[in-house]
Structure formats: structure tokens, C-alpha cells
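Chemist: just coords:
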């Protein structure tokens, strides 16, 4: 019986990967070091280069420059079937005339594995993805989620060193998508297999990945944990692409020996404990998440604002504010008896919540 993928988790290294297509740059100078057993998401809008990068790792495309290493071995000259990378496509690519069991066993049989061993492995993989009772059905008799499980089982049956997932949940409805995200994450952790997930869905990436490479226009803007990307975005693009961010233009100034403040364009000053990633005084844009801001009575150390709308959202209240100069901001606060509630038309003061991060970018 072949060994489990969990016996040898494999690192993947992308070193200065560059690729041009039809005269335009699809991927530009991408370097990533993916740890053994890690799930990394390539996240970004359509056309940012994430699928191109995945196809380069799989060997379905040859890059214009740079190297791909899997398990420390340069694989650029190897065909797809010799790289040890298994890929689950968005459309699942199951053979319609074969049963579920035959689909899962196909890759093994194509590699010369004896029929009995291929069948035993396929049965074990179907049990892992909870599809054993569908072994004799055909793909047309399965739901989208069931087809996805079969495609995953077929890929894992050949025991790849690296699992590649290309927008695997795009065709599923919201509830089923969440179920499959949990299931694939469970299987990935159980096997300890190094996995690269391509997605344009930020919630999917934030909930599933150990680390995320946020891509934009062929480049990686930031490669870090979901928490770091959310709380400490490295660029204005990351701040606006991930989650919701209030953007407040102004000028950064020193305040005291160690602190900073932003003098907002519409009036008012917002003190900051630090100003990362830009600590250069001058024109800036401050990015702050709605939950990182706090409302209170108007005060000299707070931005003046007017409440335009209050939206109850479960345990929270979402405020839409109008700042001087016409800038709008959203603030999320807990809906508790201890927390004062403000009403539409009321004048308030806007501050950073104590201990909350805010990011400052050169204007």
C-alpha cells in the first residue's frame, strides 16, 4: 500500500517567477516560500495572475523566468505528471461514463497500479471524503458538492506531494460552499499535505488559509497570516480589498516624542500611537476598520462627525457618519447596555479605539 501524503509534507518555493502573455505581464517577480503542510491562498481580483501562478506550479504553463522548487527540487523541466502536484479544477473534470469508484481509481491505473490495489486505495479515498455509498454512481447522478468530493478523492488517490485547488467552490451555493470549505480544511490537516488555493473570495481565504498571498496586477502585495493582513495591511490596495476600510485623507504630523497625528482634510485631528507602514510626515491616507473606531461626545481630540444612519446588525450597531468636507465613515460598535447609542442627526466625536491598529499610506 502506498504511503500517506502525511508522511512527508513538502515545501514549495517560487523564486522570482515572471511570466508574460501576449506581450503583457501576467506574473511579475513573484517569490513565495510555502512551508511543508501549509495551506496558502492566492487571493486577488480577476486577472491578477493567481491562476497563472497555480498553473505554473502544476506544470501546465512554463514561466518566462524564475524557478519552481517542490521539496527542494527544481521542477521546471518536469512534466505535470512527474512534479507530484495534484490539481482539483473548478469544473471537477470527472469522466461522465465512469462510475465514482472508477474515476477515483483512474489515475492509479494509468500509473500501472494493479487493479486490486487501485480499487482498495480508491475505496479508502472515498471513505475519507464520505462518498463510499456513492461508489457505483456516475457523476451525472451527483450534486455539485458530491462531484467535488469525488474530484478531491481522485486527486488524493495518487498521493501528490502538493495539492492545488483552482477556485474549487465557485460553482457551489453559499451553504454548501461553507460545508466544503470545512471538509477540505479537515482533510488537508488530517493528511498534512501542502496546499495552494486560488480564490477571489476574501472570506474563503481568510477562514481557510494559514497564510495569504494577496495579488494585484501580477505582483504579490502582501504575504502573511490572515490576522496580519487584516490588521496590518502593507498597501492601500490590501487595506481596501480585504474587508472594509474607512479612508481618511490628511497630513501626517509628529505629536510629541513618539506619537503621530493625522490632520484630516475636512478638519479635525486624529492622534495615533504609531503610523505604519508609512511614518513619513506629509500627505497620507489613513485606513481604519469600522470596529477599530469608537464614537463618543464631540471633543478636541476627536474628529467631528454627524450620524447619518444607524443600522442594527445582530449584536452590533453600524453607524454611517458624515465628516467635515463630505467624507463618510462606517463605525461598528457592540449593542450593549453599557455602550451609549447615538441617533441620526446627532453630533459625535470619532476616535481610534484604544489599542486598535490603523494603517497610514503615503498620499
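Modeler: Happy to help now that I have it. Source: prediction; values computed, not measured. Residues are numbered from 1 along each chain as shown.
Chemist: which residues does the residue most central in space within the chain contact?
Modeler: For the chain, residue 205 is the residue whose C-alpha lies nearest the centre (C-alpha atoms, centre = their mean; 2.7 Å). Residues near residue 205 by C-beta atoms under 8 Å, 6 or more residues apart in numbering: 41, 43, 197, 199, 212, 226. All C-beta spots, glycine's among them, are computed from the backbone N, C-alpha and C.
Chemist: since we're on the last one, how many residues are nearby?
Modeler: It stands for residue 226. As a burial measure, residue 226 scores 19 neighbours (other C-beta atoms under 10 Å).
Chemist: and if you look at the second one?
Modeler: Neighbour count for residue 43, taken as other C-beta under 10 Å: 29.
Chemist: Quick check: chain neighbours aside, which residue is closest to it?
Modeler: residue 205 (4.3 Å; C-beta to C-beta, 6 or more residues apart in numbering).
Chemist: Now that neighbour: phi and psi?
Modeler: Backbone geometry at residue 205, expressed as degrees, to the nearest 10, gives phi -70, psi -40.
Chemist: now swap in the one 3 residues further on and tell me
Modeler: For residue 208, the backbone dihedrals are phi -100, psi -30 (criterion: degrees, to the nearest 10).
Chemist: pretty sure it contacts residue 181?
Modeler: Yes - in this structure residue 208 lies within contact range of residue 181 using C-beta atoms under 8 Å: 5.7 Å.
Chemist: Looking at the two, which one has more neighbours?
Modeler: residue 208 (23 against 20).
Chemist: Next one: that one relative to residue 40, how far apart?
Modeler: 10 Å (C-beta to C-beta, to the nearest Å).
Chemist: Spell out which residues are contacts of both of these two.
Modeler: Contacts common to residue 208 and residue 40, judged by C-beta under 8 Å, 6+ apart, are residue 197.
Chemist: contacting residues around the helix ranked longest in the chain?
Modeler: When the chain is parsed with DSSP state H, its longest helix is helix 174-191. With contacts defined as C-beta under 8 Å, 6+ apart, helix 174-191 is touched by 4-6, 39, 128-130, 143-145, 148-149, 152, 156, 163, 165, 168-169, 172, 195, 204, 207-208.
Chemist: other SSEs contacting the next helix or strand after that helix?
Modeler: Sequence-wise, the next helix or strand downstream of helix 174-191 (DSSP states H and E) is strand 194-199. On a contact count with 3 or more C-beta pairs under 8 Å, 6 or more residues apart in numbering; DSSP states H and E, strand 194-199 meets strand 39-43, helix 50-58, strand 162-166, helix 202-208.
Chemist: just the angle between strand 194-199 and strand 162-166, please?
Modeler: 10 degrees (axes from the mean of the first three to the mean of the last three C-alpha atoms, to 10 degrees).
Chemist: What residues sit buried inside strand 194-199?
Modeler: Buried residues in strand 194-199, counted by 16 or more other C-beta atoms under 10 Å: 194-199.
Chemist: what does the domain assignment say about the protein?
Modeler: 5-236, 245-362 (automatic domain parsing).
Chemist: any chance of those in CSV, plus mean pLDDT?
Modeler: CSV is the format used below for these (pLDDT from 0 to 100):
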stretch, mean pLDDT
domain 5-236, 92
domain 245-362, 90
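Chemist: Out of the ones you listed, which one sits most buried?
Modeler: Sort the domains of the chain by mean neighbour count, taking mean count of other C-beta atoms under 10 Å, and domain 5-236 sits at the top with a mean of 18.
Chemist: ok now it, how far from the chain's centre?
Modeler: Distance, stretch centre to chain centre, for domain 5-236: 14 Å (C-alpha atoms, centre = their mean, to the nearest Å).
Chemist: ok, back up a step: want to throw the helices and strands packed on strand 194-199 into JSON lines with distance to residue 94?
Modeler: Below are these laid out as JSON lines (distance: least, C-beta to C-beta, whole Å):
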{"stretch": "strand 39-43", "distance to residue 94": "24"}
{"stretch": "helix 50-58", "distance to residue 94": "18"}
{"stretch": "strand 162-166", "distance to residue 94": "15"}
{"stretch": "helix 202-208", "distance to residue 94": "22"}
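Chemist: looking at these, which is closest to residue 102?
Modeler: Nearest of the helices and strands packed on strand 194-199 to residue 102, taken as C-beta to C-beta: strand 162-166 at 21.7 Å.
Chemist: Name the strands paired with that closest one and say parallel or antiparallel.
Modeler: strand 85-88 (parallel), strand 194-199 (parallel) (DSSP bridges).
Chemist: Select, out of those strands, the one closest to residue 344.
Modeler: strand 194-199 (37.7 Å).
Chemist: can you pull the contacts of residue 234?
Modeler: Contacts of residue 234 by C-beta under 8 Å, 6+ apart are 221-222, 224, 277.
Chemist: Kindly apply the preceding question to residue 303 instead.
Modeler: Contacts of residue 303 by C-beta under 8 Å, 6+ apart are 248, 264, 267-270, 323, 349-351.
Chemist: Residue 148 is in contact with residue 92, isn't it?
Modeler: Yes - shown here, residue 148 and residue 92 form a contact pair, counting by C-beta under 8 Å, at 6.0 Å.
Chemist: Could you report the separation of the closest residue to residue 314 other than its chain neighbours from residue 307?
Modeler: Nearest residue to residue 314 in three dimensions, chain neighbours excluded: residue 335, at 7.9 Å (C-beta to C-beta, 6+ apart). Relative to residue 307, residue 335 is positioned 15 Å away (criterion: C-beta to C-beta).
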